[in-house]
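**Q** Below are the sequence and a predicted model; questions follow.
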Amino acid sequence: MLKKYLWGAFAALFAAGCAGPGTEDDYTVVDGTMLGTTLHIVADVPQTSAQELYAAVMELDREAKASMSIFDPTSLLSRLNRNETDSVDRHIAFNLRLADSIGALSGGCYDVTVKPLVEAWGFAGREAEAHPNIDSILTFVGRDKVRIVEGRLVKSDPRVQLDFNSVAKGYTVDLLAALVERHGARNYIVDIGGEIRCRGVNREGKAWRIGVETPFDGNMSDGRYLQRRIAMHEGGMATSGNYRRYYLDAEGHKVAHTIDPRTGRSALSRLLSVTVVAPTCAEADALGTMFLAMGADEALKRVAEMPGMKAYFILAGEGDRYEEYVSPAMEQLILK
(Lines give C-alpha, C1' and ligand atoms only; values in the text may rest on other atoms or scores of the structure.)
Protein backbone atom coordinates (compact mmCIF):
# COMPACT_ATOMS: atom_id res chain seq x y z
CA MET A 1 0.00 0.00 0.00
CA LEU A 2 2.79 2.38 0.91
CA LYS A 3 4.81 1.74 -2.25
CA LYS A 4 1.71 1.99 -4.43
CA TYR A 5 0.79 5.33 -2.88
CA LEU A 6 4.26 6.79 -3.23
CA TRP A 7 4.70 5.81 -6.83
CA GLY A 8 1.31 7.28 -7.65
CA ALA A 9 1.99 10.49 -5.78
CA PHE A 10 5.27 11.07 -7.55
CA ALA A 11 4.11 10.00 -11.01
CA ALA A 12 3.38 13.59 -11.93
CA LEU A 13 6.80 14.71 -10.74
CA PHE A 14 9.16 12.24 -12.36
CA ALA A 15 9.30 11.52 -16.08
CA ALA A 16 9.99 8.00 -17.25
CA GLY A 17 12.94 7.19 -19.50
CA CYS A 18 16.05 5.13 -19.89
CA ALA A 19 19.25 6.63 -18.58
CA GLY A 20 22.48 6.24 -20.47
CA PRO A 21 25.98 7.43 -19.67
CA GLY A 22 27.17 10.76 -20.97
CA THR A 23 30.67 12.13 -21.20
CA GLU A 24 32.39 13.66 -18.19
CA ASP A 25 31.92 17.15 -19.62
CA ASP A 26 28.15 16.62 -19.76
CA TYR A 27 27.88 16.58 -15.97
CA THR A 28 27.24 19.80 -14.07
CA VAL A 29 28.29 20.05 -10.42
CA VAL A 30 26.60 22.33 -7.90
CA ASP A 31 27.72 22.61 -4.27
CA GLY A 32 26.27 24.88 -1.63
CA THR A 33 23.85 25.03 1.26
CA MET A 34 20.18 24.04 1.33
CA LEU A 35 17.76 23.67 4.24
CA GLY A 36 20.60 24.79 6.49
CA THR A 37 22.87 21.89 5.57
CA THR A 38 25.13 20.76 2.73
CA LEU A 39 23.99 20.55 -0.89
CA HIS A 40 25.65 18.51 -3.62
CA ILE A 41 24.38 17.90 -7.15
CA VAL A 42 26.00 16.08 -10.05
CA ALA A 43 23.75 15.90 -13.12
CA ASP A 44 23.98 15.63 -16.90
CA VAL A 45 22.27 18.92 -17.77
CA PRO A 46 24.49 20.19 -20.61
CA GLN A 47 22.01 22.90 -21.58
CA THR A 48 21.95 24.37 -18.06
CA SER A 49 24.86 26.17 -16.43
CA ALA A 50 25.82 25.61 -12.82
CA GLN A 51 24.72 29.18 -12.05
CA GLU A 52 21.29 28.66 -13.62
CA LEU A 53 20.79 25.37 -11.82
CA TYR A 54 21.88 26.86 -8.49
CA ALA A 55 19.41 29.74 -8.90
CA ALA A 56 16.58 27.25 -9.49
CA VAL A 57 17.67 25.23 -6.47
CA MET A 58 17.67 28.29 -4.23
CA GLU A 59 14.11 29.08 -5.30
CA LEU A 60 13.11 25.55 -4.27
CA ASP A 61 14.97 26.05 -0.98
CA ARG A 62 12.92 29.16 -0.25
CA GLU A 63 9.68 27.37 -1.16
CA ALA A 64 10.42 24.37 1.07
CA LYS A 65 11.39 26.51 4.07
CA ALA A 66 8.37 28.79 3.64
CA SER A 67 6.13 25.74 3.82
CA MET A 68 7.62 23.18 6.20
CA SER A 69 10.21 24.80 8.48
CA ILE A 70 9.59 24.65 12.23
CA PHE A 71 12.49 27.06 12.77
CA ASP A 72 11.06 29.88 10.62
CA PRO A 73 8.23 31.55 12.57
CA THR A 74 6.72 32.87 9.33
CA SER A 75 6.47 29.45 7.62
CA LEU A 76 3.08 27.95 6.89
CA LEU A 77 3.78 25.07 9.28
CA SER A 78 4.69 27.44 12.11
CA ARG A 79 1.48 29.40 11.55
CA LEU A 80 -0.54 26.17 11.50
CA ASN A 81 1.09 25.15 14.77
CA ARG A 82 0.12 28.50 16.32
CA ASN A 83 -3.44 28.15 14.94
CA GLU A 84 -3.09 31.36 12.92
CA THR A 85 -4.35 29.59 9.80
CA ASP A 86 -5.85 26.24 8.89
CA SER A 87 -5.05 26.24 5.14
CA VAL A 88 -2.53 23.63 3.98
CA ASP A 89 -0.43 23.61 0.81
CA ARG A 90 0.56 20.63 -1.37
CA HIS A 91 3.77 20.02 0.59
CA ILE A 92 2.10 19.73 3.99
CA ALA A 93 -0.78 17.70 2.57
CA PHE A 94 1.62 15.22 0.95
CA ASN A 95 3.78 14.81 4.04
CA LEU A 96 0.79 14.29 6.30
CA ARG A 97 -0.51 11.55 4.00
CA LEU A 98 2.92 9.95 3.88
CA ALA A 99 3.11 10.12 7.68
CA ASP A 100 -0.16 8.20 7.82
CA SER A 101 1.30 5.46 5.61
CA ILE A 102 4.47 5.11 7.67
CA GLY A 103 2.56 5.44 10.93
CA ALA A 104 0.37 2.50 9.97
CA LEU A 105 3.52 0.36 9.71
CA SER A 106 5.12 1.65 12.88
CA GLY A 107 2.88 0.56 15.72
CA GLY A 108 2.77 4.13 16.98
CA CYS A 109 6.48 4.94 17.00
CA TYR A 110 6.33 7.20 13.95
CA ASP A 111 4.14 10.25 14.50
CA VAL A 112 4.57 13.78 13.13
CA THR A 113 2.60 15.33 16.02
CA VAL A 114 5.70 14.98 18.23
CA LYS A 115 6.69 18.65 18.02
CA PRO A 116 5.70 19.50 21.63
CA LEU A 117 7.95 16.65 22.80
CA VAL A 118 10.80 17.63 20.49
CA GLU A 119 10.49 21.18 21.77
CA ALA A 120 10.40 20.14 25.43
CA TRP A 121 13.64 18.18 24.97
CA GLY A 122 15.36 21.13 23.29
CA PHE A 123 15.46 20.07 19.62
CA ALA A 124 13.08 22.59 18.06
CA GLY A 125 14.93 25.84 18.47
CA ARG A 126 14.20 26.30 22.18
CA GLU A 127 16.21 25.47 25.27
CA ALA A 128 15.36 22.12 26.81
CA GLU A 129 13.11 22.02 29.85
CA ALA A 130 14.87 20.70 32.95
CA HIS A 131 12.01 18.36 33.86
CA PRO A 132 9.38 18.26 31.09
CA ASN A 133 5.93 17.02 32.08
CA ILE A 134 5.85 14.18 29.58
CA ASP A 135 2.52 12.71 30.69
CA SER A 136 0.81 16.06 30.20
CA ILE A 137 2.36 16.61 26.76
CA LEU A 138 1.38 13.13 25.58
CA THR A 139 -2.30 14.01 26.01
CA PHE A 140 -2.10 16.17 22.88
CA VAL A 141 0.30 14.02 20.85
CA GLY A 142 -1.21 11.52 18.44
CA ARG A 143 -1.81 11.34 14.71
CA ASP A 144 -5.52 10.70 15.31
CA LYS A 145 -5.80 14.23 16.71
CA VAL A 146 -5.35 15.99 13.35
CA ARG A 147 -6.70 15.54 9.84
CA ILE A 148 -7.19 17.44 6.58
CA VAL A 149 -10.74 18.20 5.49
CA GLU A 150 -11.26 19.98 2.17
CA GLY A 151 -7.82 21.57 2.25
CA ARG A 152 -8.10 22.62 5.90
CA LEU A 153 -6.20 21.28 8.89
CA VAL A 154 -8.59 20.19 11.62
CA LYS A 155 -7.25 19.59 15.15
CA SER A 156 -9.10 17.89 17.97
CA ASP A 157 -6.95 19.88 20.41
CA PRO A 158 -5.50 23.32 19.61
CA ARG A 159 -2.25 22.33 21.35
CA VAL A 160 -1.49 19.74 18.63
CA GLN A 161 1.61 20.70 16.62
CA LEU A 162 3.28 19.11 13.60
CA ASP A 163 6.97 18.48 12.96
CA PHE A 164 8.01 17.16 9.52
CA ASN A 165 11.75 17.07 10.22
CA SER A 166 11.65 13.26 9.94
CA VAL A 167 10.53 13.46 6.32
CA ALA A 168 10.77 17.01 4.96
CA LYS A 169 14.44 16.81 3.98
CA GLY A 170 13.91 13.56 2.11
CA TYR A 171 10.82 15.00 0.45
CA THR A 172 12.79 18.09 -0.61
CA VAL A 173 15.48 15.81 -2.07
CA ASP A 174 12.74 14.26 -4.22
CA LEU A 175 11.61 17.72 -5.32
CA LEU A 176 15.21 18.54 -6.16
CA ALA A 177 15.47 15.37 -8.24
CA ALA A 178 12.32 16.42 -10.10
CA LEU A 179 13.90 19.81 -10.72
CA VAL A 180 17.05 18.41 -12.34
CA GLU A 181 14.91 16.06 -14.43
CA ARG A 182 12.94 19.06 -15.69
CA HIS A 183 16.29 20.47 -16.78
CA GLY A 184 16.86 17.34 -18.84
CA ALA A 185 18.94 15.17 -16.50
CA ARG A 186 18.83 11.42 -17.05
CA ASN A 187 21.86 10.66 -14.86
CA TYR A 188 22.24 12.45 -11.55
CA ILE A 189 22.75 12.35 -7.83
CA VAL A 190 21.28 14.98 -5.51
CA ASP A 191 22.30 15.15 -1.88
CA ILE A 192 20.98 17.36 0.92
CA GLY A 193 22.78 16.74 4.20
CA GLY A 194 23.51 13.11 3.34
CA GLU A 195 20.03 12.23 2.07
CA ILE A 196 20.17 11.04 -1.51
CA ARG A 197 18.18 10.60 -4.68
CA CYS A 198 19.93 9.24 -7.75
CA ARG A 199 19.31 7.90 -11.21
CA GLY A 200 21.41 6.32 -13.94
CA VAL A 201 25.19 6.32 -13.75
CA ASN A 202 28.10 8.47 -12.65
CA ARG A 203 30.74 10.05 -14.89
CA GLU A 204 32.51 6.72 -15.22
CA GLY A 205 29.36 4.99 -16.41
CA LYS A 206 29.02 3.08 -13.14
CA ALA A 207 26.51 3.01 -10.31
CA TRP A 208 26.51 5.94 -7.91
CA ARG A 209 28.52 5.03 -4.79
CA ILE A 210 27.32 6.40 -1.45
CA GLY A 211 29.05 6.06 1.90
CA VAL A 212 27.42 5.24 5.24
CA GLU A 213 29.18 6.92 8.16
CA THR A 214 30.53 5.15 11.21
CA PRO A 215 28.08 6.17 13.97
CA PHE A 216 30.33 7.19 16.84
CA ASP A 217 29.10 10.06 19.00
CA GLY A 218 30.04 13.44 17.59
CA ASN A 219 31.07 12.17 14.14
CA MET A 220 30.84 15.37 12.07
CA SER A 221 33.49 14.35 9.56
CA ASP A 222 31.21 14.36 6.48
CA GLY A 223 32.50 11.14 5.05
CA ARG A 224 35.96 10.71 6.55
CA TYR A 225 34.91 7.67 8.60
CA LEU A 226 32.78 5.26 6.59
CA GLN A 227 31.36 1.92 7.66
CA ARG A 228 30.05 0.76 4.29
CA ARG A 229 29.50 1.92 0.72
CA ILE A 230 26.30 1.39 -1.23
CA ALA A 231 25.94 1.25 -5.03
CA MET A 232 22.72 2.57 -6.55
CA HIS A 233 21.32 3.20 -10.03
CA GLU A 234 17.97 4.61 -8.96
CA GLY A 235 15.98 5.57 -5.88
CA GLY A 236 16.33 7.36 -2.58
CA MET A 237 18.54 6.69 0.42
CA ALA A 238 18.50 8.16 3.91
CA THR A 239 20.37 7.42 7.13
CA SER A 240 19.02 8.14 10.61
CA GLY A 241 21.11 8.10 13.78
CA ASN A 242 21.47 9.68 17.20
CA TYR A 243 25.23 10.28 17.05
CA ARG A 244 25.13 13.93 15.91
CA ARG A 245 22.13 15.67 17.44
CA TYR A 246 22.24 14.90 21.15
CA TYR A 247 23.33 16.33 24.48
CA LEU A 248 24.01 15.12 28.03
CA ASP A 249 21.57 16.23 30.71
CA ALA A 250 22.48 17.39 34.21
CA GLU A 251 22.80 13.77 35.36
CA GLY A 252 25.03 12.89 32.41
CA HIS A 253 22.35 10.94 30.54
CA LYS A 254 22.27 11.13 26.76
CA VAL A 255 19.24 12.89 25.28
CA ALA A 256 18.92 12.41 21.51
CA HIS A 257 16.70 14.07 18.94
CA THR A 258 14.79 10.93 17.88
CA ILE A 259 11.76 10.77 20.17
CA ASP A 260 9.57 7.72 20.70
CA PRO A 261 6.00 9.13 20.62
CA ARG A 262 4.78 6.22 22.72
CA THR A 263 6.96 7.13 25.71
CA GLY A 264 7.71 10.79 25.01
CA ARG A 265 11.42 10.17 25.58
CA SER A 266 14.55 9.75 23.48
CA ALA A 267 14.64 6.51 21.54
CA LEU A 268 17.97 5.16 22.75
CA SER A 269 19.05 1.58 22.21
CA ARG A 270 22.01 -0.26 20.80
CA LEU A 271 20.66 0.55 17.34
CA LEU A 272 23.00 3.40 16.38
CA SER A 273 22.30 3.97 12.70
CA VAL A 274 19.62 2.99 10.18
CA THR A 275 20.06 3.32 6.42
CA VAL A 276 17.10 2.68 4.15
CA VAL A 277 16.94 2.58 0.35
CA ALA A 278 13.48 3.12 -1.14
CA PRO A 279 11.87 4.33 -4.37
CA THR A 280 11.82 7.88 -2.97
CA CYS A 281 13.97 9.69 -0.45
CA ALA A 282 10.90 10.83 1.48
CA GLU A 283 9.97 7.22 2.10
CA ALA A 284 13.55 6.28 3.04
CA ASP A 285 13.77 9.25 5.42
CA ALA A 286 10.57 8.41 7.29
CA LEU A 287 11.27 4.67 7.44
CA GLY A 288 14.74 5.29 8.85
CA THR A 289 13.25 7.39 11.65
CA MET A 290 10.61 4.74 12.26
CA PHE A 291 13.14 1.93 12.72
CA LEU A 292 15.39 4.08 14.92
CA ALA A 293 12.47 5.02 17.17
CA MET A 294 11.54 1.35 17.55
CA GLY A 295 14.88 0.44 19.11
CA ALA A 296 17.09 -2.49 18.21
CA ASP A 297 14.98 -5.49 19.16
CA GLU A 298 11.70 -4.24 17.73
CA ALA A 299 13.34 -2.90 14.56
CA LEU A 300 15.14 -6.18 13.86
CA LYS A 301 11.91 -8.09 14.32
CA ARG A 302 9.90 -5.68 12.19
CA VAL A 303 12.33 -5.50 9.28
CA ALA A 304 12.41 -9.30 9.12
CA GLU A 305 8.66 -9.20 8.49
CA MET A 306 9.14 -6.89 5.48
CA PRO A 307 10.91 -9.03 2.85
CA GLY A 308 11.27 -6.25 0.28
CA MET A 309 12.74 -3.73 2.70
CA LYS A 310 16.25 -2.52 1.87
CA ALA A 311 17.75 -1.70 5.25
CA TYR A 312 21.19 -1.60 6.84
CA PHE A 313 21.51 -1.35 10.64
CA ILE A 314 24.65 -0.57 12.63
CA LEU A 315 24.38 -1.68 16.25
CA ALA A 316 26.61 -1.34 19.29
CA GLY A 317 28.50 -4.53 20.00
CA GLU A 318 30.85 -5.50 22.79
CA GLY A 319 33.33 -2.82 23.78
CA ASP A 320 33.99 -0.46 20.89
CA ARG A 321 32.89 -2.94 18.25
CA TYR A 322 29.93 -2.63 15.92
CA GLU A 323 27.48 -5.24 14.77
CA GLU A 324 25.69 -5.03 11.43
CA TYR A 325 22.40 -6.21 10.01
CA VAL A 326 21.84 -6.17 6.27
CA SER A 327 18.38 -7.13 5.04
CA PRO A 328 18.29 -9.68 2.20
CA ALA A 329 16.96 -7.07 -0.24
CA MET A 330 19.81 -4.69 0.69
CA GLU A 331 22.64 -7.20 0.25
CA GLN A 332 22.91 -6.68 -3.50
CA LEU A 333 23.56 -2.95 -3.01
CA ILE A 334 26.38 -3.26 -0.44
CA LEU A 335 29.84 -2.96 -1.97
CA LYS A 336 32.17 -5.65 -0.68
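**A** Perfect, I can see it now. Numbering: from 1, shown residues only.
**Q** Low-confidence stretches in the stretch 1-150 of the chain?
**A** Residue ranges of the stretch 1-150 of the chain with pLDDT under 70: 1-25, 124-125.
**Q** all helices for the stretch 101-250 of the chain, in order.
**A** Listed in chain order, the helices of the stretch 101-250 of the chain (DSSP state H, counting those that start in this stretch) span residues 115-120, 134-138, 168-182.
**Q** Tell me which of these approaches Ala99 most closely.
**A** Ala99 lies closest, by Cβ to Cβ, to one member of these: helix 168-182, at 10.6 Å. C-beta here means a position set from N, CA and C on the backbone, and glycine is covered the same way.
**Q** Quick check: buried residues in that closest one?
**A** For helix 168-182, the neighbour count (16 or more other Cβ atoms under 10 Å) marks 168-181 as buried.
**Q** Who are the packing partners of it?
**A** The contact analysis (3 or more Cβ pairs under 8 Å, 6 or more residues apart in numbering; DSSP states H and E) places helix 168-182 against strand 37-44, helix 50-68, helix 90-106, strand 188-192, strand 195-199, strand 234-241, helix 281-294.
**Q** Select, out of the helices of the stretch 101-250 of the chain, the one closest to Ile92.
**A** Ile92 lies closest to helix 168-182 among those, at 9.5 Å (Cβ to Cβ).
**Q** Run the angle between the closest one and helix 281-294 for me.
**A** Counting by axes from the mean of the first three to the mean of the last three Cα atoms, to 10 degrees, helix 168-182 points 160 degrees away from the direction of helix 281-294.
**Q** and helix 168-182, how far from the chain's centre?
**A** Between the centre of helix 168-182 and the centre of its chain there are 12 Å (Cα atoms, centre = their mean, to the nearest Å).
**Q** Which residues are in contact with Gly107?
**A** Gly107 makes contacts with 294, 298, 302, as judged by Cβ atoms under 8 Å, 6 or more residues apart in numbering.
**Q** among those, who's most crowded?
**A** Per-residue neighbour counts (other Cβ atoms under 10 Å) across these peak at Met294, which has 25 neighbours.
**Q** ok, and the closest non-adjacent residue to that one?
**A** Using Cβ to Cβ, 6 or more residues apart in numbering and skipping residues adjacent in sequence, the residue nearest Met294 is Cys109, 5.2 Å away.
**Q** Do I have it right that that neighbour meets Gly264?
**A** No. Cys109 is not in contact with Gly264 according to Cβ atoms under 8 Å; the separation is 11.7 Å.
**Q** okay, the buried residues of helix 168-182 in TSV with distance to Arg203 and pLDDT next?
**A** Listed next are the buried residues of helix 168-182 as TSV, based on distance: Cβ to Cβ, whole Å; pLDDT from 0 to 100:
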residue	distance to Arg203	pLDDT
Ala168	30	95
Lys169	26	96
Gly170	25	97
Tyr171	27	98
Thr172	25	98
Val173	21	98
Asp174	23	98
Leu175	24	98
Leu176	19	98
Ala177	18	98
Ala178	22	98
Leu179	20	98
Val180	15	97
Glu181	18	97
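**Q** For those, name the two members farthest from one another.
**A** Longest span within the buried residues of helix 168-182, Cβ to Cβ: Ala168 and Glu181, 20.2 Å.
**Q** re earlier: tabulate the contacts of Gly107 (a markdown table), appending pLDDT and distance to Gly194.
**A** Below are the contacts of Gly107 laid out as a markdown table (pLDDT from 0 to 100; distance: Cβ to Cβ, whole Å):
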| residue | pLDDT | distance to Gly194 |
| --- | --- | --- |
| Met294 | 94 | 21 |
| Glu298 | 95 | 25 |
| Arg302 | 96 | 24 |
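**Q** Nearest to Asn81, out of the helices of the stretch 101-250 of the chain?
**A** Between Asn81 and the helices of the stretch 101-250 of the chain, the shortest separation by Cβ to Cβ is 6.6 Å, and it involves helix 115-120.
**Q** From the chain's centroid, how far away is that closest one?
**A** Relative to where its chain is centred, helix 115-120 has its mean C-alpha point 18 Å off (Cα atoms, centre = their mean).
**Q** go on, stretch 293-313?
**A** 17 Å.
**Q** What residues of it count as buried?
**A** Those would be 293-296, 298-300, 302-303, 309-313, for stretch 293-313 by 16+ other Cβ under 10 Å.
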